[in-house]
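**Q** how would this look folded up:
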Amino acid sequence: MKKIAILVSGKGTNMQHILQAIKNGMLYNSMVNLVISDRWCQAIQYALKKNITIFSLIRTKKKFLSKEIDNILAKYIPDVIVLSGFLSILDANFCEKWFGKVINIHPSLLPKYGGKGMYGIKVHQEIIKNKEKISGATVHYVTKNVDLGDIILKKTCKIDSEETPISLSKKVSMIEKEILIQSINNLKFRN
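**A** Below is the predicted model of the structure:
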């Protein structure tokens, strides 16, 4: 059984999709055994309703956040750690220790429109502003260099001439759900 820990900061849309995929058999031989947030958010409320162990690190100072998350993960020993809309940057020591086990879903075709400050609607606004013809989503390994880890899977979508950041966000969200589940199913976990 693959144990999945999910790190969240927002609504938890992809976390909910992971839980649904486990329930309906799309994500096989897996369980979410832990959800950690860096702030109080809707995702934590959802996890509580599903009786999943949660840690909300709202009082943890930013410089100690990675160490605190590491301490929690060491007790639960997940096979994979999924960043699902997690907005805090994990430090180099954390990324090195958990290398090959931490994955992130990003709402662009990395390496374009990645890096610090590029998340959520901001990504789609930049893509539209730059008149890109295609966009998509990327699942990648997390390293100390934000959004520059090896790519696991990416998928594209066409940008229509009347596209808005909101409509593009909806298209990309559908891709994120698909490739995130596919990536978790296909990962070869490190010991």
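**Q** alpha carbons only for contacts and neighbour counts from here, please
**A** OK.
**Q** now do the SS call for residue 176.
**A** helix (DSSP: H, G, I helix; E, B strand; the rest coil).
**Q** could you list every residue that touches it?
**A** Residues in contact with residue 176 (CA atoms under 8 Å, 6 or more residues apart in numbering) are 14, 105-107, 137-138.
**Q** relative to residue 76, which of these is nearest.
**A** Using CA to CA, residue 14 is the member of those that lies nearest residue 76, at 21.0 Å.
**Q** touching, that closest one and residue 84? I think so.
**A** Yes - the criterion here is CA atoms under 8 Å, and residue 14 meets it with residue 84 at 6.0 Å.
**Q** pick out whichever of the contacts of residue 176 sits closest to residue 36.
**A** Using CA to CA, the contacts of residue 176 come closest to residue 36 at residue 14, 14.0 Å.
**Q** how close does the closest one get to residue 7?
**A** 11 Å (CA to CA, to the nearest Å).
**Q** do the same with residue 52
**A** Distance from residue 52 to residue 7, by CA to CA: 13 Å.
**Q** my guess is residue 136 meets residue 159, correct?
**A** No - using CA under 8 Å as the test, residue 136 is too far from residue 159 to be in contact (9.3 Å).
**Q** which one's more surrounded, the two?
**A** Comparing residue 136 with residue 159 by other CA atoms under 10 Å, the one with more neighbours is residue 136, at 24 against 19.
**Q** much appreciated, bye for now.
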